[in-house]
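Asks: Generate a structure from the sequence data that follows.
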Amino acid sequence: MNRNGTSGEIMHEISMSEKALTIILDESRKKKIKKIKRVHLVIGSLTLLNHDQIRFWLKELSKGTIAEGLDVKIKKQDSEIRCRSCEYSGELELRNSAADHFFIPAFMCPECKSSEIDIKKGNEFEVEKIIADK
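Replies: The predicted structure follows:
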């Protein structure tokens, strides 16, 4: 638990949800949208974000806005890495342990255990599409 009584995992989801909602509302204002029905997000597996928490916080934070009651669709982007040591190219499997939500996980090549990797996919957090009434 943090000093304010919440877990680090939840705080991460709140801040990312706030950022997503800001983007959603800003883009909607630019297009003079009156009501947002649905939003499609792409979230990479390496972000360690809890999809249920993102949905929950987007719905909570959007209350009183044109996005209130929005439906949140999330597409998971699997990871893809390339190892500079052994040339491995492929997915990076995560242990998904509780410690990964409190400490920065060490990403290593699954073949040679080197940390000399390039992340090609998996760290995305994107608003892919906004469905709305004009």
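Asks: Not counting its neighbours along the chain, what's nearest residue 84?
Replies: Of all residues not flanking residue 84 in the chain, residue 116 sits nearest, at 4.3 Å (Cβ to Cβ, 6 or more residues apart in numbering). Every residue, glycine included, has its C-beta placed from N, CA and C.
Asks: Distance of that neighbour relative to residue 92?
Replies: Going from residue 116 to residue 92 by Cβ to Cβ, to the nearest Å gives 13 Å.
Asks: more neighbours, the two?
Replies: Remark: of residue 116 and residue 92, residue 92 carries more neighbours, 21 against 12, as counted by other Cβ atoms under 10 Å.
Asks: picking that back up, doesn't residue 86 make contact with the residue nearest to residue 84?
Replies: No: look at residue 116 against residue 86 with Cβ atoms under 8 Å: they stay out of range, at 9.1 Å.
Asks: Need the residues touching each of these two.
Replies: The overlap between the contact sets of residue 116 and residue 86 (Cβ atoms under 8 Å, 6 or more residues apart in numbering) consists of residue 109.
Asks: How far does the longest helix anywhere in the chain sit from its chain's centre?
Replies: Longest helix in the chain by number of residues, with DSSP state H as the criterion: helix 8-30. Offset of helix 8-30 from its chain centre (Cα atoms, centre = their mean, to the nearest Å): 10 Å.
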